[in-house]
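>>> just coords:
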Ligand SMILES: CC(=O)SCCNC(=O)CCNC(=O)[C@H](O)C(C)(C)COP(=O)(O)OP(=O)(O)OC[C@H]1O[C@@H](n2cnc3c(N)ncnc32)[C@H](O)[C@@H]1OP(=O)(O)O
């Protein structure tokens, strides 16, 4: 199974030929700690999370909060009490009644889509300052009644006589009231009827990824994140969150510094029991969290005396068979690399969102596979081996979790900070997207 969608064909124009008339800067960003969903609604709704990290971010920049042109927020699991969370967040952040704000949803790409939309508004001269983010509280994903239960309740409401009412009551069975968890539905592709975890199993098979390889990758994700927390490398990026009850959350709480390949080997397959490779230990965790980035034009940088951290150089989206959605990063980022005449290791740092350990490993193997590169990417020779020391250097979603509408934003935010810490220039952040899409962004530290 190899992608061959014409949308993945790269255009060979140089970056100068794109209509990029204005530079777009990434000025600053912040996120909440990522909090593991533990079977009941967590302390924060999607908007609460966005406000928790948005407020300190806005306060630490010398920009009046009403000077932004707009607010764009990715969110997958919008809760019914927070329709258009972007606008609610903007108002709760005190950005003023006149602040336009809209929400974008492209599954796991939502937090990156908000950045890309902001980038294009600024690049094309329509805006100068945009707050772009992502938020999701997966622990708040609603439980929904099955159609049978809804029909029964409708019948009860429509009863026109006491006899009708009693007859309808007689149709009741407790089984009807068993709720459907909307999250499990949302994480299943409706076109190919595979859960996201099953799509990772497809890739593990196709690229011969062993359980051990996936588990070892997962251990390294935990170790890298634990180290980054210990060394304070996330202190600029993660702002503490305080619940209405006064509980303080300071760190991503899914990390397990003490995990080991031996412990992971004991876990049962989560999606294809009993023989599948994908387990709770080598999957991204189901999590709540939010992230924001401030994007600005050169004019806004000068006007407010901002100190930008990176330039957003270029972005790319790709689409492919939903069954192999996890290979999306290979398509979108190879298109970026081609356009900028770069190889995998010409990029100093990579963030590939860790939907599943096997999925990230499949991307690496696809780039090294001559047949895949020929058929799917139109290349005479393979892209080669991406140096693992350049990839997800401070861990990823396997260790910290994956609030789906947020992660695309988080990886760009973290890449910007990691480029600075390491004193290097170019980075690509890329992610797969349920439904068979992918986004990639090339940024350069300034
Ligand atoms: C485009 C995209 O991005 S697609 C991706 C979208 N996101 C997803 O699909 C989410 C994927 N992940 C999931 O669905 C869930 O995490 C699942 C189903 C894999 C696992 O869910 P849960 O069973 O709730 O996981 P949980 O964290 O409780 O772990 C289950 C067990 O494994 C153990 N475990 C998990 N990780 C580790 C670890 N690193 N080390 C040791 N034990 C571990 C837990 O302790 C737990 O054991 P227990 O039952 O004895 O307490």
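Sure thing, it's come through. All values reported here derive from a predicted model rather than from experimental measurement.
>>> Near the ligand, which residues of the chain? Just list them.
Contacts of the chain with the ligand, taken as CB under 6 Å from any ligand atom, map to 108, 187, 196-197, 256, 259, 263-264, 267, 270, 280-281, 283-286, 355, 402, 404, 432-434. Bear in mind the C-beta positions are built from the backbone N, C-alpha and C, glycine included.
>>> Now the stretch of helix or strand residue 113 belongs to: buried residues?
Take DSSP states H and E as the rule and residue 113 turns out to sit in helix 110-123. Of all the residues in helix 110-123, those buried under the rule 16 or more other CB atoms under 10 Å are 110-123.
>>> For the residue in the stretch 301-446 of the chain that the ligand sits nearest to, give its distance to residue 203.
Nearest residue of the stretch 301-446 of the chain to the ligand, counting by CB to the nearest ligand atom: residue 355, 3.3 Å away. Using CB to CB, to the nearest Å, we find residue 355 at a distance of 10 Å from residue 203.
>>> so what sits against both of these two?
Common contacts of residue 355 and residue 203, defined by CB atoms under 8 Å, 6 or more residues apart in numbering, comprise residue 326.
>>> from memory residue 385 sits against residue 369, does it?
No - with contact defined as CB atoms under 8 Å, residue 385 does not count as touching residue 369 (10.7 Å).
>>> more neighbours, the two?
Using other CB atoms under 10 Å as the criterion, residue 385 and residue 369 rank with residue 369 on top: 20 against 12.
>>> ok, now which ones touch the more buried one?
Neighbouring residues of residue 369 by CB under 8 Å, 6+ apart: 207, 382.
>>> Report pLDDT for it.
Predicted confidence (pLDDT) for residue 369: 98.
>>> follow-up on the earlier one: out of the residues of the chain next to the ligand, which sit inside helices?
196, 197, 263, 264 (DSSP state H).
>>> Only whichever of these are buried, select them in ChimeraX.
Restricted to buried positions by 16+ other CB under 10 Å, the ChimeraX selection for these reads:
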select :196,197,264
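>>> how many other residues sit next to residue 336?
Neighbours of residue 336 (other CB under 10 Å): 22.
>>> outside of the helix or strand of the chain with the lowest mean pLDDT, which residues touch it?
Least confident element among the helices and strands of the chain, by mean pLDDT, DSSP states H and E: strand 180-181 (a mean of 74). Contact partners of strand 180-181, identified using CB under 8 Å, 6+ apart, comprise 141, 143, 144, 145, 146.
>>> ok, what's across the strand from residue 134?
residue 74, residue 291 (DSSP bridges).
>>> Quick check: residue 129 vs residue 314, distance?
21 Å.
>>> higher neighbour count, those two?
Set residue 129 next to residue 314 and count neighbours by other CB under 10 Å: residue 129 wins out with 24 against 20.
>>> Mind pulling up the pLDDT for the more buried one?
pLDDT at residue 129 comes out at 98.
>>> Look up how far residue 446 lies from it.
Distance from residue 129 to residue 446, by CB to CB: 17 Å.
>>> Tell me which residues of the longest helix anywhere in the chain come out buried.
Ranked by number of residues, the top helix in the chain under DSSP H is helix 211-231. Of all the residues in helix 211-231, those buried under the rule 16+ other CB under 10 Å are 211, 213-226, 228-229.
>>> What helices and strands are in contact with it?
Here helix 211-231 touches helix 261-265, helix 357-368, helix 397-400, going by 3 or more CB pairs under 8 Å, 6 or more residues apart in numbering; DSSP states H and E.
>>> Neighbours of the nearest residue to residue 88 once chain neighbours are set aside, how many?
Nearest residue to residue 88 in three dimensions, chain neighbours excluded: residue 47, at 4.9 Å (CB to CB, 6 or more residues apart in numbering). If you count neighbours by other CB under 10 Å, residue 47 ends up with 28.
>>> what's the helix or strand for residue 47?
Counting by DSSP H and E, residue 47 is found in helix 46-59.
>>> next one: residue 376
Assigned by DSSP H and E, residue 376 falls within helix 370-377.
>>> Tell me how far that helix lies from the chain's centre.
Distance, stretch centre to chain centre, for helix 370-377: 27 Å (CA atoms, centre = their mean, to the nearest Å).
>>> Tell me the spacing between residue 100 and the ligand.
Using CB to the nearest ligand atom, to the nearest Å, we find residue 100 at a distance of 29 Å from the ligand.
>>> ok, the buried residues of helix 110-123 vs residue 290, which is closest?
Nearest to residue 290 among these: residue 111, at 8.8 Å, using CB to CB.
>>> For that closest one, which residues are in contact?
Contacts of residue 111 (CB under 8 Å, 6+ apart): 74, 133, 134, 135, 291, 405, 406, 407, 408, 409, 410.
>>> quick one: contacts for the fifth one?
In this case it means residue 291. 29-32, 53, 111, 133-135, 406, 409-410, 413.
>>> With pLDDT added, can I get those in JSON lines?
Converted to JSON lines, those look like this (pLDDT from 0 to 100):
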{"residue": "29", "pLDDT": "98"}
{"residue": "30", "pLDDT": "98"}
{"residue": "31", "pLDDT": "98"}
{"residue": "32", "pLDDT": "98"}
{"residue": "53", "pLDDT": "98"}
{"residue": "111", "pLDDT": "98"}
{"residue": "133", "pLDDT": "98"}
{"residue": "134", "pLDDT": "98"}
{"residue": "135", "pLDDT": "98"}
{"residue": "406", "pLDDT": "98"}
{"residue": "409", "pLDDT": "98"}
{"residue": "410", "pLDDT": "98"}
{"residue": "413", "pLDDT": "98"}
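>>> For residue 78, give its distance to residue 326.
For residue 78 relative to residue 326 (CB to CB), the value is 25 Å.
>>> Please say which of these two ends up with more neighbours.
A direct count of neighbours by other CB under 10 Å for residue 78 and residue 326 places residue 326 higher, at 31 against 20.
>>> So which of the contacts of residue 291 wins on neighbours?
residue 135 (40 neighbours).
>>> Is it correct that that one is in contact with residue 44?
No - applying CB under 8 Å, one finds residue 135 not in contact with residue 44, separated by 9.2 Å.
>>> who touches both of those two?
Contact criterion CB under 8 Å, 6+ apart; residues shared by residue 135 and residue 44: none found.
>>> Could you pull up the residues touching the residue of the stretch 301-446 of the chain closest to the ligand?
108, 196, 200, 283, 284, 326, 397, 402, 431, 432.
>>> how about 7 Å then?
108, 196, 200, 284, 326, 397, 402, 432 (CB atoms under 7 Å, 6 or more residues apart in numbering).
>>> Which of the three states applies to the third one?
So that's residue 200. Under DSSP: H, G, I helix; E, B strand; the rest coil, residue 200 falls in the helix class.
>>> what angle do the helix or strand hosting residue 336 and helix 357-368 make?
Assigned by DSSP H and E, residue 336 falls within helix 328-339. Here the directions of helix 328-339 and helix 357-368 differ by 30 degrees (axes from the mean of the first three to the mean of the last three CA atoms, to 10 degrees).
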